[in-house]
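# Pasting the sequence and the predicted coordinates here, then a few questions.
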Amino acid sequence: MKLEIYDPALCCSTGVCGPDVDPELTRIATDIHILQQNKQDIQRYNLAQEPEPFVQQAEIGELMEKEGTDILPVSVLNGKVVKTNAYPSREELCEWFGLNRDLLENRASPSHIDISIK
């Protein structure tokens, strides 16, 4: 399984910065970190910092042409768009990767996890 998440333009690679952090950005960054630590193939692209993947993935370009950037975030699983306008839920992530939901539900506190993108 390969999941690609096409983020709207964010201030940094995760969007988890500044004084008013969106809790949904913190949640998805933490979930992605945990999944990657468990050897899951997840890529995340930020429109402000990495516009090229948005152009290279034809379906993303078409969606943005029709709907504008409001369609973002978009999740693409194995080359197929599976979700638009929102980040995948924990339930969806676990279902897509065939993992027990406890992996994400019973994780360490986000303050103890390095969520920086390398």
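Received it, and whenever you're ready, just let me know what you need.
# Please count neighbours and contacts with C-alpha atoms only from this point.
Fine.
# Show me what counts as buried in the lengthiest helix in the chain.
In the chain, taking DSSP state H as the definition, the longest helix is helix 23-37. Across helix 23-37, burial judged by 16 or more other Cα atoms under 10 Å covers 26-35.
# do stretch 72-87 as well
So, applying 16+ other Cα under 10 Å, buried residues of stretch 72-87: 72-77, 81, 83-84, 87.
# same deal with stretch 52-68?
Buried positions in stretch 52-68, judged by neighbour count with 16+ other Cα under 10 Å: 53-54, 60-61, 63-64.
# and these, which of them are in helices?
Those of the buried residues of stretch 52-68 lying in helices (DSSP H): 53-54, 60-61, 63-64.
# Going by distance to Glu92, which of those wins?
Ile60 (20.1 Å; Cα to Cα).
# Show the pLDDT at that closest one.
pLDDT recorded at Ile60 is 96.
# What of Pro23?
For Pro23, pLDDT reads 86.
# for Leu93, same thing?
So Leu93 comes in at 96 (pLDDT).
# Look up how far Thr69 lies from it.
23 Å (Cα to Cα, to the nearest Å).
# Then Asn78?
For Asn78, the distance to Thr69 - Cα to Cα - is 22 Å.
# hang on, the earlier thing: CA atoms only for the longest helix of the chain, dumped as PDB, please.
Output of helix 23-37 as PDB, limited to C-alpha atoms (Å, rounded to 0.1, in the frame of the first residue of the first chain):
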ATOM      1  CA  PRO A  23      -5.300  20.100  16.100                       C
ATOM      2  CA  GLU A  24      -6.200  18.200  12.900                       C
ATOM      3  CA  LEU A  25      -2.700  18.900  11.500                       C
ATOM      4  CA  THR A  26      -1.100  17.700  14.800                       C
ATOM      5  CA  ARG A  27      -3.200  14.500  14.600                       C
ATOM      6  CA  ILE A  28      -2.400  13.700  11.000                       C
ATOM      7  CA  ALA A  29       1.300  14.500  11.500                       C
ATOM      8  CA  THR A  30       1.500  12.200  14.500                       C
ATOM      9  CA  ASP A  31      -0.500   9.400  12.800                       C
ATOM     10  CA  ILE A  32       1.800   9.600   9.700                       C
ATOM     11  CA  HIS A  33       4.800   9.400  11.900                       C
ATOM     12  CA  ILE A  34       3.600   6.400  13.800                       C
ATOM     13  CA  LEU A  35       2.600   4.600  10.500                       C
ATOM     14  CA  GLN A  36       6.000   5.400   8.900                       C
ATOM     15  CA  GLN A  37       7.700   4.000  12.100                       C
END
